[in-house]
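In: can you look at this prediction? I've put the sequence above it.
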Amino acid sequence: MFKAKGLKPSDIKSAEDLLKLPIVTKDDIRNNFHEFLSRGFRRYGPISNSTSGSTGEPFRYCIDRKSVGIARAALWRGWGYAGYRFGDKVAVFAGLSLGSRLQQSLGRAAKKVFDRVMYFPAVNLRREILKANAEKMLQFNPKFIRGYPSSLYFFANFLEKEKIHCIHPKAVITTAEMLFPYQRNLLEKVFRCGVFDGYGAYDGGTGAFECEKHSGYHMAVEKAVMEFCDDDGNQVSEGEKGRIVATDLFNYAMPFIRYDTGDVGIYSSEECSCGRKLPLMKQVLGRTTDMLRFSNGAVLSGPSLTLIFKDFDFKQFQLVQDRDDLLLVRVIKGETYVDDDTRRLQKILEDVIGEGVEIRFEFVDFISPTKSGKWKFIISHV
Ligand SMILES: [Zn+2]
């Protein structure tokens, strides 16, 4: 891409110079994985990771150990806006994903911090499990509750119905999905505390976090340059919707330069009244995922499902629900996919969803996008 534009690395001296370069998409990286690795990338202690994002296409990439560390620091600072201090007890309703992999490489001091974290499944949301979770949480008495908005909303709804009013963390921290006002309202009401939303695209190295003023998300711009662009790669104006394009300043193992994260946001040049000088992103859009509801009472949320699918070699997948006792899994197989994977996945889905729901597979060559051009990975008519 540099050659095609007649550019040398020395032509890039400032964030503005990045505009000389084209946008890099997930497909560019997926189709040229090895060319995106830097020469001698091993010296950066790369950690490989994968994500399904909101479109349901698995995406593998490498990330510098240093970049992971700084992302962690930015995350902890972001949670600090909600009052979190290193070592506070946190209940998490989400997958382990990056955290678990990182955990293996941590020293004893950091492990102590992770011991103060209790994980709750974001996937299985059946009534009896919700009840057990509520009891577990009461005993654990976390200072913070963190997780996907849809999972937390479902849990809060359950607590309200069961009249369990005694879980009162200092704050609720949400991430990974779009947080809707109705979800925020219920979480504030049930947990009697503030809700702090965060945005992060680990692959792009970006992070942005709400402060106590709740007037937007402070972007961790020391970690990554964040641009808001139209489809042609030009930056949009303040207040306009734009694709979030990220340049990670620390991932030397697999440089992501002007990388289209697949998310949409709106930036603002206003200064936050909290006094923090990090610039604001007013809103994050395009992280909306649907939920699947089944006749046996199980409810599954989008991001939690992508965690299951990311370990299989699918080019793309889509979950379609026309009836509450049937789930159709539409799949475009990857090259290394074998029949046994279908059986394995079927078993995992059965465990997660529970009895009385039929799971049907459909192998296809093409999955058509929605009108907006995005692939929806959950389509529910229930
Ligand atoms: Zn602020």
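Out: Everything's here; your move. Everything quoted here is computed from the prediction, not taken from an experiment.

In: please make it C-alpha for all contacts and neighbour counts, starting now.
Out: Will do.

In: so, low pLDDT: which residues of the stretch 151-300 of the chain?
Out: 286-290 (pLDDT under 70).

In: all the strands of it, residue numbers only.
Out: In the stretch 151-300 of the chain, the strands defined using DSSP state E, counting those that start in this stretch lie at 171-174, 194-201, 206-210, 217-219, 224-229, 242-248, 259-268, 280-285, 291-293, 299-301.

In: just put the ones you listed in CSV and tack on distance to Arg77 and mean neighbour count.
Out: Formatted as CSV, the strands of the stretch 151-300 of the chain follow (distance: least, CA to CA, whole Å; neighbours: other CA atoms under 10 Å):
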stretch, distance to Arg77, mean neighbour count
strand 171-174, 13, 26
strand 194-201, 11, 23
strand 206-210, 9, 26
strand 217-219, 11, 26
strand 224-229, 15, 24
strand 242-248, 18, 26
strand 259-268, 20, 21
strand 280-285, 15, 21
strand 291-293, 31, 20
strand 299-301, 27, 22
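
In: mind putting those strands into CSV with distance to His381?
Out: Listed next are these as CSV, based on distance: least, CA to CA, whole Å:
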stretch, distance to His381
strand 171-174, 26
strand 194-201, 28
strand 206-210, 33
strand 217-219, 33
strand 224-229, 33
strand 242-248, 28
strand 259-268, 24
strand 280-285, 22
strand 291-293, 9
strand 299-301, 14
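
In: with adjacent residues omitted, what lies nearest to the residue of the stretch 101-250 of the chain found nearest the ion?
Out: Residue of the stretch 101-250 of the chain nearest the ion, by CA to the ion: Cys211 (4.6 Å). Nearest residue to Cys211 in three dimensions, chain neighbours excluded: Tyr81, at 4.9 Å (CA to CA, 6 or more residues apart in numbering).

In: list the residues that contact that neighbour.
Out: Phe209, Glu210, Cys211, Glu212 (CA atoms under 8 Å, 6 or more residues apart in numbering).

In: and those, which two are the farthest apart?
Out: Spatially, the most separated pair among the contacts of Tyr81 is Phe209 and Glu212, at 10.0 Å (CA to CA).

In: quick check: neighbours shared by the two?
Out: With CA under 8 Å, 6+ apart as the test, Phe209 and Glu212 both reach Tyr81, Phe196.

In: hey, where'd the helices end up in the protein?
Out: Assigned by DSSP state H, the chain shows helices spanning 2-5, 26-31, 33-36, 65-80, 97-104, 108-115, 127-140, 149-161, 181-191, 302-309, 339-353.

In: from the rest of the structure, what touches the longest one?
Out: Applying CA under 8 Å, 6+ apart, the set of residues contacting helix 65-80 from outside is 44-47, 84-86, 173, 198, 202, 205-211, 220, 223, 250-251.

In: any part of it near the ion?
Out: No. Helix 65-80 lies out of reach of the ion by CA under 5 Å from the ion, never closer than 10.5 Å.

In: give me the residue from the stretch 51-200 of the chain nearest the ion.
Out: For the stretch 51-200 of the chain, CA to the ion, closest residue to the ion: Tyr81, 8.3 Å.

In: so what's that residue scoring on pLDDT?
Out: Reading off the confidence values, Tyr81 has pLDDT 98.

In: now do Ala132
Out: Value for Ala132, per-residue pLDDT: 90.

In: next: Lys143.
Out: For Lys143, pLDDT reads 97.

In: distance of the residue nearest to it when sequence neighbours are not counted from Val90?
Out: Spatial nearest neighbour of Lys143, excluding adjacent residues (CA to CA, 6+ apart): Pro169 at 4.7 Å. For Pro169, the distance to Val90 equals 9 Å [CA to CA, to the nearest Å].

In: and those two? Which one has more around it.
Out: For Pro169 versus Val90, neighbours defined as other CA atoms under 10 Å are more numerous around Val90 (25 against 18).

In: I'd assumed Arg146 was in contact with that one.
Out: Yes. Assessed by CA atoms under 8 Å, Val90 is found in contact with Arg146 at 7.0 Å.

In: residues contacting the residue of the stretch 101-250 of the chain closest to the ion?
Out: Neighbours of Cys211 in contact, by CA under 8 Å, 6+ apart: Gly78, Tyr81, Ala82, Phe196, Tyr217, His218, Cys274.

In: circling back: contacting residues around the residue nearest to Lys143?
Out: Asn141, Pro142, Lys143, Phe144, Ile145, Phe191, Arg192, Cys193.

In: next one: it from Ile47, what distance?
Out: 33 Å.

In: and Met281, by the same measure?
Out: Taking CA to CA, one finds Met281 at 29 Å from Ile47.

In: repeat for Asn296
Out: 39 Å.

In: also Ser10?
Out: Using CA to CA, one obtains 28 Å as the distance from Ser10 to Ile47.

In: looking at those two, which is more packed in?
Out: Ile47 (18 against 6).

In: re earlier: nearest to Thr25, out of the strands of the stretch 151-300 of the chain?
Out: Across the strands of the stretch 151-300 of the chain, closest to Thr25 is strand 259-268 (CA to CA), at 5.3 Å.

In: no further queries at this time; thank you.
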